[in-house]
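Enquirer: here is the input, now give the coordinates:
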Amino acid sequence: MAKSEIPPNPPGEKKLVNGIPDRKFPFHLYNPAVVKCEEIEVFDGRWVYVACSESPGKCPHCLNHAFHAGCLVVSIGGALSTSSSTDHNPPRSSIGVFFGRENKRNLAVELDGDKHTIQTAELKACLEALTRTFVMHTKWQIDPPTTYEPCYPLHTVVFKSDSEYVVKGVTEWLPKWKENQWKKSSGQPVANVELWRVIDAVLKQLEYDVNVQFWLVSREMNLIASSMAKRVIGEL
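Expert: Purely as a prediction, here's the structure:
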């Protein structure tokens with residue numbers, strides 16, 4: 001197992017920009033000649049870890065890069081089905097949240113409600129992932145694991161998504177919306193503001209102890225979470 005203890009400044013160390021947490025995952029710190037983009041995620045047991053940005057190369061035994069034990073990657077995805085939607089058969093949407101192989105915190109579920117768009121599905125996937133991470137972290141603070149848990153204590157969580165709407169919303173737009181009384185620069189109200197408000201509230205709670213970052217990837221790099229969501233509504 002290629003494991004690394006958390007050094008003083010692991011990838012994703014919490015930074016403030018104008019007093020606001022910098023939530024962008026700094027993938028630019030990785031040398032692509034050594035750690036390819038798809039190798040930043042290290043699958044080990046029930047969790048997906050963040051590879052060390054200073055890894056000299058893969059371990060010849062496990063074929064993984066060294067990783068930071070308290071730094072996790074959680075993949076999120078949403079799906080929308082409109083192919084057979086009618087007045088009596090409305091669109092369906094679903095979410096997928098992936099913590100790791102056979103992890104009990106994984107989730108793939110169809111969404112209830114009347115409003116079904118890909119944007120709301122992606123936001124609800126984000127909210128579910130944040131909430132599950134916060135509950136896990138809070139539980140560990142109150143009742144630490146009695147058996148070895150490699151990702152305890154939790155230091156950093158990188159939420160991976162192929163949704164520009166979600167990632168840019170959290171990392172760029174959200175602070176501006178709040179300063180502008182939840183309105184866009186055009187003066188128009190922010191769409192899905194109720195979901196954004198809850199996401200903002202959970203983020204603040206989780207960021208009290210944990211470094212939270214978001215990583216925008218291609219669809220090809222988010223196939224697990226998106227496939228989980230699509231399979232629920234028969235889109236795969």
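
Enquirer: buried set for stretch 106-119?
Expert: Using 16 or more other Cβ atoms under 10 Å as the test for burial, stretch 106-119 gives 106-111, 116, 119. From N, CA and C alone the C-beta is placed, and that goes for glycine too.

Enquirer: what about the strands in the protein?
Expert: Counting by DSSP state E, the chain has strands at residues 3-4, 16-17, 20-21, 41-44, 47-51, 67-81, 92-98, 107-110, 156-161, 211-216.

Enquirer: so which of the buried residues of stretch 106-119 comes closest to A201?
Expert: Q119 (19.1 Å; Cβ to Cβ).

Enquirer: centroid-nearest residue for this structure?
Expert: F159 (1.7 Å; Cα atoms, centre = their mean).

Enquirer: beta partners for it?
Expert: With DSSP bridges as the criterion, the beta-bridge partners of F159 are V74, F214.

Enquirer: show me what contacts it?
Expert: Listed by Cβ atoms under 8 Å, 6 or more residues apart in numbering, the contact set of F159 reads 74-76, 126, 129-130, 212-215.

Enquirer: show me the shaky parts of the chain.
Expert: Applying pLDDT under 70 to the chain flags the ranges 1-19, 84-88.

Enquirer: at 50 what do you get?
Expert: Low-confidence segments of the chain (pLDDT under 50): 1, 5-9.

Enquirer: what residues sit buried inside the helix ranked longest in it?
Expert: As assigned by DSSP state H, the longest helix anywhere in the chain is helix 118-142. Judged by neighbour count (16+ other Cβ under 10 Å), helix 118-142 contains these buried residues: 119-134, 136-137.

Enquirer: same thing with stretch 204-213?
Expert: For stretch 204-213, the neighbour count (16+ other Cβ under 10 Å) marks 206, 210-213 as buried.

Enquirer: for stretch 70-86, same thing?
Expert: Applying 16+ other Cβ under 10 Å to stretch 70-86 flags 70-81 as buried.
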